[in-house]
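Trainee: Structure here, sequence nowhere to be found:
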């Protein structure tokens, strides 16, 4: 099985997050290994209750879900996951191959299914195809990031807050885009340095601090602040309260 890790990633360039749910630990581990080989971050759950909690904790980009689970069936798990993550694509794993079971899974909101026994290559291929379709669907939308009254157009590189244009350098723009793509998520200096400046953290924290201060003067000056320091952890951008 060949790997092309990196051509499918989250918007901020970090690995895709996949939740694998199967009550057979050996199957869950085999599928997880295959997905990790693709460069993705994988979380596993062996029953429905843990799957629902894991989905809340990890905010997965996709779910591989066994239909038959010991505490609740996969259709109920999907229903509960979709209450907090309505668009997450799901591939069902099922030992049942009756047409009505396939229809039930797809009607319940599943995006695809694989019948056991299956090849790992097939699961990965189905998941990759799903993620590409989801990515293409998102790409059709206007590429504007919006956090509170702050807007960033990824096509024109125009930035404004409350309708007032903000002029940024290229580095300031990349830093703000990274913060906006990770709204409400605390980002460490090391993460920011690696993503915006493209090299590993190594005593260059002052660069991050300097550019955060530049951004604050342009984005937050005279307004309720959106860029916050989390002592000992990093920085977070969130709507002004």
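Mentor: That came through, no problem. Keep in mind it's a predicted model, so treat the numbers as computed, not measured. Numbers count the residues shown, from 1 in each chain.
Trainee: CA only for contacts and neighbour counts going forward, please
Mentor: Fine.
Trainee: Find the nearest non-adjacent residue to residue 235, please.
Mentor: With sequence-adjacent residues excluded and distances taken as Cα to Cα, 6 or more residues apart in numbering, residue 235 is closest to residue 229, at 4.6 Å.
Trainee: Just the pLDDT for the one you found.
Mentor: pLDDT, the model's per-residue confidence, is 96 for residue 229.
Trainee: just checking, it touches residue 236?
Mentor: Yes - judged on Cα atoms under 8 Å, residue 229 makes contact with residue 236 at a distance of 6.6 Å.
Trainee: quick one: which of these two has more around it?
Mentor: Set side by side, residue 229 and residue 236 give different neighbour counts by other Cα atoms under 10 Å, the larger being at residue 236 (19 against 15).
Trainee: Quick check: pLDDT value at that one.
Mentor: Among the per-residue scores, residue 236 holds a pLDDT of 96.
Trainee: Not counting sequence-adjacent ones, nearest residue to it?
Mentor: Going by Cα to Cα, 6+ apart, residue 236 has residue 186 as its nearest residue, at 4.6 Å.
Trainee: again, but for residue 84
Mentor: Take residue 84 and drop its neighbours on the chain: the residue closest to it by Cα to Cα, 6+ apart is residue 56, 7.3 Å away.
Trainee: now residue 82
Mentor: With sequence-adjacent residues excluded and distances taken as Cα to Cα, 6+ apart, residue 82 is closest to residue 88, at 7.2 Å.
Trainee: Can you tell me the SS state at the one you found?
Mentor: For residue 88, the assignment made with DSSP: H, G, I helix; E, B strand; the rest coil gives coil.
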